[in-house]
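# Pasting the sequence and the predicted model now:
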Amino acid sequence: MSGTVITITSGKGGVGKTTTTANLGVALARHGKRVACVDADIGLRNLDVVLGLENRIVYDIVDVVEGRARLRQALIRDKRLPELQMLPAAQTRDKTAVNPQQMMKLADDLRAEVDFIIIDSPAGIEHGFKNAIAPADRVLIVTTPEVSAVRDADRIIGLVEAAEKPKPQLILNRLRPGMVKRGDMLATDDVLEILAIDLIGIVPEDETIITSTNRGNPVAYEQKSRAGQAYGRIARRLLGEDVPFGVFEDETGILSRVQRWFRSPNGGGGA
Amino acid sequence: MSWFDSLFRRSEPSAQVAKSRLKVAIQIDRSNLSPELLHMLQDDIVRAISQRIDIDREGMRITTERGERGQRLIADIPIKAVRAKAASGE
């Protein structure tokens, strides 16, 4: 059996590529799939801290490509979830340290080891992006409902098509249903109409992402939070399950306010 | 519109503004044609067509679209009146 390579990309920085990579890795591993998350952002390593594995790095992707380390030596296994492994980016090199042919070879070696290889692409449309999509069997585009992010997503979709990759699918990240309802944020349908690609998931804005990243503990480990549940649904769709796209509750709704009041330690407090 | 209407009239929702701005920006991004080149093309087309028919220059729109088989130039040109010389087939 041979693993599937999924590349997570966006064009614009800061829309949640690394968070998406980490959480989809966790969510797929929770389904018992063997997963390797690969940080392709050479020089700006980050997937390690989001996954909470930063203290265990010995070798990195460039060591593997240049033959100083074997793949199995460089992969870091998550002790909380043994199905999940991570290949870190090099921190002291730049994006030209790896070329697309080397990425293809690396991905082929990983395909023999795991069921899913999730590649975290760097921002931009240059060398690092080309490396990240070279071995991709599937491409997931992450965008937020903002003009700058959607515009960059459109550029990336064009480049993915030009590279003759399968049609990418969209993850709409950090959606705020209350703002959409008020007409103050682009709605899912608006973004889909503009980009003309298929949706694979909507992740609502969720403060839990920040607190979980603070701890290096992706939300998908425990799917209690709204974002954690959303990643769980995307993972099931990646596995071929037909999961309907639900409507999110307004985060300012009376019910969630009451829930938050009970949840917060001092009762109420902030809005 | 009365003062009463204007008092309660809401401006266009910002999401709508975002959507229309994005559509225009992306249309330009998708075409490799610069806005200047599109303007020049528009002038050329106006000059050619105006010899035969009266067109509404203000309502005219030249855009490009990225389709399955590459790029297409789309001209939307409102007609005012067909001139006599066009009708006579001169």
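Done, it's in. Residues are numbered from 1 along each chain as shown, chains lettered A, B, ... in the order given.
# A:Val180 and A:Asp189 touch, don't they?
No. The criterion here is Cβ atoms under 8 Å, and A:Val180 misses it with A:Asp189 at 9.7 Å. In this view, the C-beta of every residue, glycine as well, is placed from N, C-alpha and C.
# Neighbour count: those two, which is higher?
It is A:Val180, of A:Val180 and A:Asp189, that has more neighbours when counted by other Cβ atoms under 10 Å in any protein chain shown, with 19 against 11.
# So which residues of the chain form strands?
The chain I'm using is chain A. A:4-9, A:35-39, A:76-77, A:84-87, A:116-120, A:138-143, A:169-175, A:198-204 (DSSP state E).
# That was the other one, I meant chain B.
Under DSSP E, chain B gives strands at B:53-55, B:61-67, B:70-76, B:79-82.
# so who does the residue of chain B found nearest chain A touch?
Taking Cβ to the nearest Cβ, chain A has its nearest neighbour within chain B at B:Pro13, 2.9 Å off. By Cβ atoms under 8 Å, 6 or more residues apart in numbering or on different chains, the contact list for B:Pro13 reads A:Arg182, A:Gly183, A:Asp184.
# mean pLDDT lowest for which of the strands of chain B?
Among those, strand B:61-67 has the lowest mean pLDDT, at a mean of 74.
# what's it packed up against?
helix B:14-30, helix B:35-50, strand B:70-76 (3 or more Cβ pairs under 8 Å, 6 or more residues apart in numbering or on different chains; DSSP states H and E).
# Turn these into TSV, including mean neighbour count.
Putting the helices and strands packed on strand B:61-67 into TSV (neighbours: other Cβ atoms under 10 Å in any protein chain shown) gives the following:
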stretch	mean neighbour count
helix B:14-30	15
helix B:35-50	13
strand B:70-76	11
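# pLDDT weak spots in chain B?
Scanning chain B for pLDDT under 70 picks out the ranges B:1-10, B:66-70, B:83-90.
# Nearest the geometric middle of it, what residue?
The C-alpha lying nearest the average C-alpha coordinate of chain B belongs to B:Arg61 (Cα atoms, centre = their mean; 1.7 Å).
# how close does it get to A:Pro145?
Noted for B:Arg61: a distance of 27 Å to A:Pro145, by Cβ to Cβ, to the nearest Å.
# Those residues of the stretch 151-271 of chain A touching chain B, which are they?
Contact residues, the stretch 151-271 of chain A versus chain B (Cβ under 8 Å from any Cβ of the partner chain): A:151, A:154-155, A:158, A:180, A:182-187, A:190, A:194.
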